[in-house]
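Asker: Sequence first, predicted coordinates after that:
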Number of protein chains: 2
Amino acid sequence: MAGLFLSLFALGISTALSAVLSPRQGSSAWRDKSLPAAQRADDLLPQLSWEEKIGQMGGIRQLLQPNATFNRTTWNTLYPLQHGILSYGSQLNQAQDVLPYANMVREEQLNSSKVPWISVTDSVNSIYVPGGTIFPATLSLSTSWNLSMYEQVVAAIRDENMALGTHWVLSPELDIAKEPRNGRVGEMYGEDVYLIGEFAAQYVRTMQGRDENGYIKVGTTIKHFLYGQGMGGVNTASMHGGVNHLYNDLAIPYIRVLKENPTAVMISYSSIDRTPMSTNTALIQGMLRSEMGFRGLIMSDAMGILHLYTESKVASSYKDAAVKALRAGLQLELAPGQPACFPFLVNSSNDQEIVNLVDEAVRQHLVIKFETGMFDLPLPTPENLNRTLRAPQHLEINRQASRDAIVLLSNDGFLPQANLTKIALIGPFGDILDPGSYAPSTAANPLHGQTLKDSLEVRFGSANIQYVKGVDIRSTSTNDTTGIEDAVAAAKNAGVAIVALGSLSVYFLDPITGQRTDGEFFSHASLGFPGSQQQLLDAVLDTGVPTILVLNGGQAFVLNNSTMRANAILHQFLGGEFSADALVEIITGQVNPSGKLTISMPQAEGAFPIYYDYLPSDNVGGAGGFNGCAGDWSYPCLDRDGAPMAFGYGLSYTTFDISEPQVLNSSGVSISCTVANTGDVVGKEVVQVYFRQQYSDIELPNKRLIRFEKIELQPGEARKVEFTIDKNDLGYYNNAKYQVDSGNYTFWVGSSSRMADLKNVTISL
Amino acid sequence: MAGLFLSLFALGISTALSAVLSPRQGSSAWRDKSLPAAQRADDLLPQLSWEEKIGQMGGIRQLLQPNATFNRTTWNTLYPLQHGILSYGSQLNQAQDVLPYANMVREEQLNSSKVPWISVTDSVNSIYVPGGTIFPATLSLSTSWNLSMYEQVVAAIRDENMALGTHWVLSPELDIAKEPRNGRVGEMYGEDVYLIGEFAAQYVRTMQGRDENGYIKVGTTIKHFLYGQGMGGVNTASMHGGVNHLYNDLAIPYIRVLKENPTAVMISYSSIDRTPMSTNTALIQGMLRSEMGFRGLIMSDAMGILHLYTESKVASSYKDAAVKALRAGLQLELAPGQPACFPFLVNSSNDQEIVNLVDEAVRQHLVIKFETGMFDLPLPTPENLNRTLRAPQHLEINRQASRDAIVLLSNDGFLPQANLTKIALIGPFGDILDPGSYAPSTAANPLHGQTLKDSLEVRFGSANIQYVKGVDIRSTSTNDTTGIEDAVAAAKNAGVAIVALGSLSVYFLDPITGQRTDGEFFSHASLGFPGSQQQLLDAVLDTGVPTILVLNGGQAFVLNNSTMRANAILHQFLGGEFSADALVEIITGQVNPSGKLTISMPQAEGAFPIYYDYLPSDNVGGAGGFNGCAGDWSYPCLDRDGAPMAFGYGLSYTTFDISEPQVLNSSGVSISCTVANTGDVVGKEVVQVYFRQQYSDIELPNKRLIRFEKIELQPGEARKVEFTIDKNDLGYYNNAKYQVDSGNYTFWVGSSSRMADLKNVTISL
């Protein structure tokens, strides 16, 4: 009773205070579509009850159960204090099944509340339920190094999201893929902060593009602030980072993408230097708000606030966790399970600090909902859904994406093979589609998309493809080698083998989830092929039959000396629905491969982290002849000049010559080079520009990417490419302050990050 | 000419300023042995020329060449500006050969300079040249968990050093052994900050103990400030650390050992958060000087200052590197090669800031030389050298050390075997002694010490030991398996096999240095056994012949399912000259093993870092059934409750029962438990106390060691052990400030860090 009194009393205070700020309480100005979103939000905010406000700061992530049924009892339990955001349910509910339920509950809320739901879902390489176009995953799209193509991909995903009523996505992911054991590398844009920033900026700009009425089409969430190399490769694990590391290694993509005004920032799970990010006031308020100037909404990752109490033990109760997260700056709790923490704030209406923080959070929510048209737009229709999902132009850009993304890692001249007739397709990835753990698809018999077996059969006729799985992805307890013997026989019989190996990343409800080894919740204690796949490959290679190796999975693999015997190696990472078709087009030479690695491939099991922009002092410490990479001992192979498959690397069926860089303008930085296709077929080259200053106040990477451009050239064609770089882009953060030094700067231009593939010029700036 | 004028002019200023501080210039008060060292130093300092001062800040590390010849030409080149410290030359020069040369140059200096040399050498498990007692290396001594035994070991090493004229050593090493790929783990005390602190404090206290005249016997150098987990396991590589990590994970041993007033601190190679430690003013001046209150001398590691220019490129010349290091606080340059950087300061006598810093540095040097009696003591004599090196009591404590240190990792009941007759000794470590890369010994045919083959032959008669090397340590290019076949035949013939495998850490001039895989300059890209050793072991185990596996090397190994088939596994890490004898005593049951791991053993190749005091949030992130350790995939096995060989673990031939802890005094922390030997033989148990507070302001490790005690019990004997802990020892550093919270604290008592081996009590403090 006292509690109720206090609660009502506090609510009175809150309302009274709000009234001071918003004299038009009770007005309906917020309904006026012609007013700016912020003004509408300010008008509406004081008209909401305390419970309505708390409810805005959470949501229901599970609209439906896996079988697409709606559990109203559970719903009613959660709804009172978690009605800000809505997502669909199982990743395997069909879009057409989901829409009626989503519309039903959205309509109910419109009738019972002033504030509508907004649908917020993940959207990594598709809408978050089946029925849409399934693109390659983020890592695979980054290997295209093709930003204009990527714009079209994002536009397609955006339009399909809107058709399903989703106006806010939990992408893009700005994490740095420098920890190859982390199972989420496939969701990332790779290891380089500049490349990540450019791709993610394209994503935000395209996804949020405004409609004819000025509404943001689909809001974006940049995540996970901050995250890099979690301890031991574990996704939610801690990092030790100091301020120079955080700014120069992790924050740069955020600084770039914040220029595009993303809707929200999601906070990472990590404890950074012992303070969990969900309560890390220094990094959220000091860095993200004050120094980076972010003005949008800040949200938790799923269960991130809960973990303050249950895992990190820096909070002593659910409510304490909620208060600590709120004070640090969190404004939305992503809570797929129960208990959620923010609902515990409902009893804090007498705490003016909390009231003020809640008001600010809810104001952010209202602005987003006004900005995205949630108050104004009609509910989506099944007709538009059917018209938009898998529209022909979406499928076409999807095909292009796979063609541009697949990376040719090695080729002894065997590829392309235009005249193959009979092929032995071998390996557990021969007849599945590995789309990533955030893709709404199944690996075996996917609703949309071809497996490599499908695509080869279409191209060569099913009679000419003998498929032998050989082994399972993960080890089995038996020592049954029948599959390997069958594979060897098939290879010998066909005279050519395509071996498809890798690491599986699928949704938890996938029928073959028991074979999973990659994706969220997984880490790689080994970077070799899981299970007995290496044994299978070795047996096929031992036959001497010409062999094309196709790698699958959102990760790097150690390719040992045996593996390198393959005549050609292609890596598709996490393919989209047409990646198998593109592989066949590449194998037969219809398409010339042009993808380039965006993560470096380690050369030995323990030889990581491996990335091209290492600090010079990370590359010393071995004595004379003891440097190198002898596999089972030794200095862990951080010497990139010896690393054959580094960032930026990828082969083509033609050859390119990239000239020495020329300085066009020595006062600023304007350099050019001439790129010539010196081979026989049309091809695409990614011209890459790296730089480093000679001396600096803190230790800087040996070099860093600063520009890139993908160009297509006809045989014999040459083209001059120009790069203009603002000197102000060449600085670094020294104890959180950006600094640009005068002095000598070296610029390298070439076809990969390997020194052997680069030519340089030094400029005094 | 202008330079000379300026130089003389500046020197004049310097002298004049110094004169103000030291009115007794030209006096001979500094010769008065009865005055305090600081007063003598203040008296002498102004009497030194600028060049003499610069010379004090460097030294000559290579008195002799490998063949014990003295190169006076080189010497004369270096001497003018590098005459502060002296070390012997090759690690393989004999002590008896070295002493005359050392005395010769020291005598020359005494005749030509006011300031004598001081001999400064490494001293990890012996004096730094052959002729002394060779103890097990640091890691092996830490596995004894026996601080009183360790005191005797250090006293022996100290006395042997003094006999050779060494009065300053570059030990102890306080680095944290949490990066199993680092080749220097064998030089460390293990992974735990408390254990490191206690052992290192014992080292400093014992080594520096004062003689009858009050002189410090042998000064110590705690190193490498700061160092923990260098990037990629590379010794000199960078770290990302933030302040909470630095204080709570790396600095704690320093804070403990500084209470013992070590002579010097050596700065690490690492760039920490992008600033190389040799120029890291924040950590040297802010943390080490101001906050930790260190008042002694600060020195570089070998070439550490040079690297500022040549590697990290935060200095633009040798001189710039010298100035930056000096400003950061470095006062002595360890420069084994040329060029050294501090000699470039000789032209800076007109820079008053540098003059003042040099004066302060030289004052530190003089204090050390006065404190250690270098101005007063006679030169060491060959007679005393011969009397002291390898004194019987040194050899006896050495035997005890090995007996206490060897760790029994697994035993199916096969050990002990009192009645063995015929034994097949197999493996590349069967007839070598692996002493560590800082030991002045050779692996094969060591001057002092037995190999396992030697010791077994002494015990069982050489006719009963069939030794088969089997394979080399490192892979050879041939596929010759003859050795493995011979090993299998020998095992079958003998009926019992002892297989000695591991990773070799020897000095660079060792005849088998080509087989080296461990020690400084090495990192382990794999934590399996180097080369074909696993294949050899598997073949022996496949025979079914009872097999004892003996591990060698200063590192952890992944022991796979095949390896675990061995009937017993012993790890000696880097053994001393009697470790093989102790192994035989343990195998036959004359000695009951009592060593306990001080580094956790990883369970899969990529499953690291692995240590018991992980943060709670490092242990989550795997989903449900996906936690665990399936070898070739998976979450990297950070779940210690499933880790069989964790910190603190080691088996005995008897069994112990450790009771629930009892709270003796609930106002402070005073707890006890009763330890009973419940088996049939006398044995030693290490009782370990761990603690954790329930909630905290920053994330704290799941538990941490706070006390330990090794006790010996007769069969059936029980003893109560009491532990008193000051509440003030239970705090943590929150943003560099020490904080002790009120609240619930849990204390665990038991026989290892594994939860299954611990019983707990919770106390509200």
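Answerer: Nice, thanks for sending it over.
Asker: What does residue A:164 show for phi and psi?
Answerer: Here is the backbone geometry of residue A:164 (degrees, to the nearest 10): phi -90, psi 0.
Asker: tell me the contacts of it?
Answerer: Under the criterion of C-beta atoms under 8 Å, 6 or more residues apart in numbering or on different chains, the neighbours of residue A:164 are A:95, A:98-99, A:102, A:119, A:127, A:129, A:132, A:380, A:385, A:389. Bear in mind the C-beta positions are built from the backbone N, C-alpha and C, glycine included.
Asker: shaky segments in chain A?
Answerer: By pLDDT under 70, the weakly predicted segments of chain A are A:1-25, A:476-479, A:620-643, A:666-667.
Asker: is it true that residue A:411 touches residue A:654?
Answerer: No - Residue A:411 lies out of contact with residue A:654 (C-beta atoms under 8 Å); the separation is 11.8 Å.
Asker: Out of the contacts of residue A:164, which end up buried?
Answerer: Among those, those buried by neighbour count (16 or more other C-beta atoms under 10 Å in any protein chain shown) are A:95, A:98-99, A:102, A:119, A:127, A:129, A:132, A:380, A:385, A:389.
Asker: would you turn the residues you listed into JSON lines with secondary structure and distance to residue A:59?
Answerer: Shown next, in JSON lines, are these (DSSP: H, G, I helix; E, B strand; the rest coil; distance: C-beta to C-beta, whole Å):
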{"residue": "A:95", "secondary structure": "helix", "distance to residue A:59": "20"}
{"residue": "A:98", "secondary structure": "helix", "distance to residue A:59": "16"}
{"residue": "A:99", "secondary structure": "helix", "distance to residue A:59": "18"}
{"residue": "A:102", "secondary structure": "helix", "distance to residue A:59": "13"}
{"residue": "A:119", "secondary structure": "strand", "distance to residue A:59": "9"}
{"residue": "A:127", "secondary structure": "coil", "distance to residue A:59": "18"}
{"residue": "A:129", "secondary structure": "coil", "distance to residue A:59": "17"}
{"residue": "A:132", "secondary structure": "strand", "distance to residue A:59": "22"}
{"residue": "A:380", "secondary structure": "coil", "distance to residue A:59": "18"}
{"residue": "A:385", "secondary structure": "helix", "distance to residue A:59": "22"}
{"residue": "A:389", "secondary structure": "coil", "distance to residue A:59": "24"}
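Asker: which one of those residues sits closest to chain B?
Answerer: residue A:129 (20.8 Å; C-beta to the nearest C-beta).
Asker: Could I get the phi/psi values of that closest one?
Answerer: Per-residue torsions, residue A:129: phi -140, psi 160 (degrees, to the nearest 10).
Asker: Surely it is in contact with residue A:96?
Answerer: No - judged on C-beta under 8 Å, residue A:129 makes no contact with residue A:96 at a distance of 9.2 Å.
Asker: Which residues of the stretch 301-450 of chain A lie near chain B?
Answerer: A:307, A:311-316 (C-beta under 8 Å from any C-beta of the partner chain).
Asker: What's the PyMOL line that selects buried ones from those?
Answerer: To isolate in PyMOL the members of those that are buried, counting by 16+ other C-beta under 10 Å, one can use:
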select buried, chain A and resi 307+311+312+313+314+315
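Asker: Dump the residues of the stretch 301-450 of chain A next to chain B to JSON lines, plus secondary structure.
Answerer: Listed next are those as JSON lines, based on DSSP: H, G, I helix; E, B strand; the rest coil:
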{"residue": "A:307", "secondary structure": "helix"}
{"residue": "A:311", "secondary structure": "coil"}
{"residue": "A:312", "secondary structure": "coil"}
{"residue": "A:313", "secondary structure": "coil"}
{"residue": "A:314", "secondary structure": "coil"}
{"residue": "A:315", "secondary structure": "coil"}
{"residue": "A:316", "secondary structure": "coil"}
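Asker: okay if I get the residues of the stretch 301-450 of chain A next to chain B as TSV plus distance to residue A:696?
Answerer: Below are those laid out as TSV (distance: C-beta to C-beta, whole Å):
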residue	distance to residue A:696
A:307	38
A:311	38
A:312	35
A:313	40
A:314	36
A:315	40
A:316	44
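Asker: just the residues of the stretch 301-450 of chain A next to chain B now: which is nearest residue B:690?
Answerer: Checking those against residue B:690 with C-beta to C-beta, the nearest one is residue A:313 at 15.8 Å.
Asker: right, and that closest one touches residue B:697 too?
Answerer: No - counting by C-beta under 8 Å, residue A:313 does not reach residue B:697; the two are 10.5 Å apart.
Asker: gap between the closest residue to residue A:344 other than its chain neighbours and chain B?
Answerer: Among residues not flanking residue A:344 along the chain, residue A:319 sits closest, at 3.8 Å (C-beta to C-beta, 6 or more residues apart in numbering or on different chains). Computed as C-beta to the nearest C-beta, to the nearest Å, the residue A:319 to chain B distance reads 13 Å.
Asker: likewise residue A:196?
Answerer: Residue A:196 is 18 Å from chain B, where distance means C-beta to the nearest C-beta.
Asker: pretty sure that residue is in contact with residue A:187, am I right?
Answerer: No - if you go by C-beta under 8 Å, residue A:196 and residue A:187 don't touch, sitting 11.8 Å apart.
Asker: Next, the contact list for residue A:736, please.
Answerer: By C-beta under 8 Å, 6+ apart, the contact set of residue A:736 is A:243, A:247, A:287, A:291.
Asker: Just name the closest of those to residue A:481, please.
Answerer: Taking C-beta to C-beta as the measure, residue A:247 is the one of the contacts of residue A:736 closest to residue A:481, at 52.8 Å.
Asker: The closest one touches residue A:733, doesn't it?
Answerer: Yes - if you go by C-beta under 8 Å, residue A:247 and residue A:733 touch, sitting 3.5 Å apart.
Asker: So between these two, which is more surrounded?
Answerer: residue A:247 (26 against 21; other C-beta atoms under 10 Å in any protein chain shown).
Asker: pretty sure residue A:53 contacts residue A:357?
Answerer: No - the pair residue A:53 / residue A:357 is not scored as a contact, 10.6 Å apart, by C-beta under 8 Å.
Asker: okay, these two: which has more neighbours?
Answerer: Neighbour count, other C-beta under 10 Å: between residue A:53 and residue A:357, residue A:53 has more, with 26 against 21.
Asker: where does the more buried one fall, phi/psi-wise?
Answerer: phi -70, psi -50.
Asker: which stretches of the stretch 51-200 of chain A form strands?
Answerer: In the stretch 51-200 of chain A, the strands defined using DSSP state E, counting those that start in this stretch lie at A:59-60, A:85-86, A:118-121, A:166-169.
Asker: With respect to residue B:351, which of the residues of the stretch 301-450 of chain A next to chain B is nearest?
Answerer: residue A:314 (48.5 Å).
Asker: Which one of the strands of the stretch 51-200 of chain A lies nearest to chain B?
Answerer: Of all those, it is strand A:118-121 that lies closest to chain B, at 19.7 Å by C-beta to the nearest C-beta.
Asker: The host helix or strand of residue A:724: which residues count as buried?
Answerer: Per DSSP states H and E: residue A:724 is located in strand A:718-725. For strand A:718-725, burial by neighbour count (16+ other C-beta under 10 Å) applies to A:721, A:723, A:725.
Asker: Save these as a markdown table, and put in distance to residue B:511 too.
Answerer: Formatted as a markdown table, the buried residues of strand A:718-725 follow (distance: C-beta to C-beta, whole Å):
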| residue | distance to residue B:511 |
| --- | --- |
| A:721 | 57 |
| A:723 | 55 |
| A:725 | 55 |
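Asker: which one of the residues you listed sits closest to chain B?
Answerer: After measuring these against chain B - C-beta to the nearest C-beta - the closest member comes out as residue A:725, at 20.8 Å.
Asker: Could you verify my assumption that that closest one touches residue A:704?
Answerer: No - the criterion here is C-beta under 8 Å, and residue A:725 misses it with residue A:704 at 11.7 Å.
Asker: which residues are common contacts for these two?
Answerer: Here residue A:725 and residue A:704 have residue A:691 as joint contacts, going by C-beta under 8 Å, 6+ apart.
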